[in-house]
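**Student:** Dropping a prediction and its sequence here:
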Amino acid sequence: MRIAHLSDLHLCSKFKPENLLKLEKLIIEAIEKGAQHFVFTGDITDNSNHLELINFKEILIKFGIYNSKSSTVIIGNHDIFGGPQTASDVPKFPSNCLKVNYKEKVKDFVSTFNSLFEDCIWVNKESLFPFAKVINNVALIGINTIDEYSFFKNPFASNGRIKKEQRKDLLKLLSLPQLKNKLKIILSHHHFYHNKEKSSSSENSFWEHIENYTMKLKGKKKLLKLFSENDIKIVLHGHSHEVKQYKRKEMYFFNTGGGFEGDLSQMYIVNAFPFDISGELCQIDFNDIEKNIEVIAV
């Protein structure tokens, strides 16, 4: 299966209207390159605004990919907690995070895209994550890496953590007969390497500096061990705003978290076949695109 992997769209009609057009152009490019499935690994929105989720949904509908066989989506930290839009928002952000109902946000995210979760497999549907989706010879496994807000442990709502309960459910899920002999792909928002590059998930440079040091995935080693012992072949993720592929423990990792940064829009077309695991980086120079956002506004 050829998968178009996009991440960190950070849709925000007010401050980043161009991201809607970038999304449309990348979808067109992916379809032209023969993508058979689209994967979006979190941070669909920049500010956790439900309207932006609807905008995203309408674009998928427009291109005929708003269905479980065509698209899969997981949640990101900005989809739950949002982020500062301006410098004046930074001091208020922690107090805003305290007001967020984490469980309700996750539930709203999944219910908004209910058609994309049809035919999914759960071992604990109440928690919504992890889930598996089997398409032909591929098993897509979505996890929720977003940690709950904590003034001391997650002060900027950008750290990740997989709780023990989710790891147990993941093990049960991976052992199901429906996933046997499938090429298994993990969909994660958080990345699996140390932060060295500058993050750029906000307009404010001070926030960028702070967030770069608070984007860790806690329990990463345990998770990688679990992946390795359960025959995971590919991990698709975002969060860190760069575009790169790398390999750990014989697993292939693709990050398109920086695909919507600047004028160069990027995504990977991932070949997910037992005989061919590889990624083709697709790039579109946004300077060459007429910036008529009104034409595609939804």
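**Tutor:** Yep, that arrived.
**Student:** okay but residue 26 is in contact with residue 264, surely?
**Tutor:** No. In this structure, residue 26 is not within contact of residue 264 by C-beta atoms under 8 Å, at 11.3 Å. In short, each C-beta sits where N, CA and C put it, glycine included.
**Student:** quick one: common contacting residues for these two?
**Tutor:** residue 284 (C-beta atoms under 8 Å, 6 or more residues apart in numbering).
**Student:** the more surrounded of those two?
**Tutor:** With neighbours defined as other C-beta atoms under 10 Å, residue 26 and residue 264 compare such that residue 26 has more, 24 against 15.
**Student:** In three-state terms, label the more buried one for me.
**Tutor:** Per DSSP: H, G, I helix; E, B strand; the rest coil, the local secondary structure of residue 26 is helix.
**Student:** if I look at it, how far off is residue 87?
**Tutor:** For residue 26, the distance to residue 87 (C-beta to C-beta, to the nearest Å) stands at 30 Å.
**Student:** Based on its surroundings, how many neighbours for residue 258?
**Tutor:** 21.
**Student:** Next up, the contacts around it.
**Tutor:** Residues in contact with residue 258, defined by C-beta under 8 Å, 6+ apart, are 8, 200, 240-243, 266.
**Student:** Give me the neighbour count for the closest residue to residue 74 other than its chain neighbours.
**Tutor:** By the measure of C-beta to C-beta, 6 or more residues apart in numbering, the closest residue to residue 74 outside its immediate chain neighbours is residue 142, 4.5 Å from it. Using other C-beta under 10 Å, residue 142 is surrounded by 26 other residues.
**Student:** C-terminal to the least confident helix or strand in the chain by mean pLDDT, what's the next element?
**Tutor:** Within the chain, no helix or strand scores below helix 205-212, which has a mean of 56 by mean pLDDT, DSSP states H and E. Sequence order places strand 217-218 as the next helix or strand after helix 205-212, per DSSP states H and E.
**Student:** Neighbouring strands of that next one in the sheet, and parallel or not?
**Tutor:** Here strand 217-218 is paired, per DSSP bridges, with strand 160-161 (parallel).
**Student:** In whichever helix or strand comes after the strand it pairs with, which of the residues would be classed as buried?
**Tutor:** Sequence order places helix 164-174 as the next helix or strand after strand 160-161, per DSSP H and E. Within helix 164-174, the residues scored as buried using 16 or more other C-beta atoms under 10 Å are 166-167, 169-170, 173-174.
**Student:** Now do helix 164-174: distance to the chain's middle.
**Tutor:** Using C-alpha atoms, centre = their mean, to the nearest Å, the mean C-alpha position of helix 164-174 is found 20 Å from that of the whole chain.
**Student:** Tell me how far the helix or strand where residue 223 lies lies from the chain's centre.
**Tutor:** Secondary structure from DSSP H and E places residue 223 in helix 220-229. The chain centre lies 19 Å from the centre of helix 220-229; the measure is C-alpha atoms, centre = their mean.
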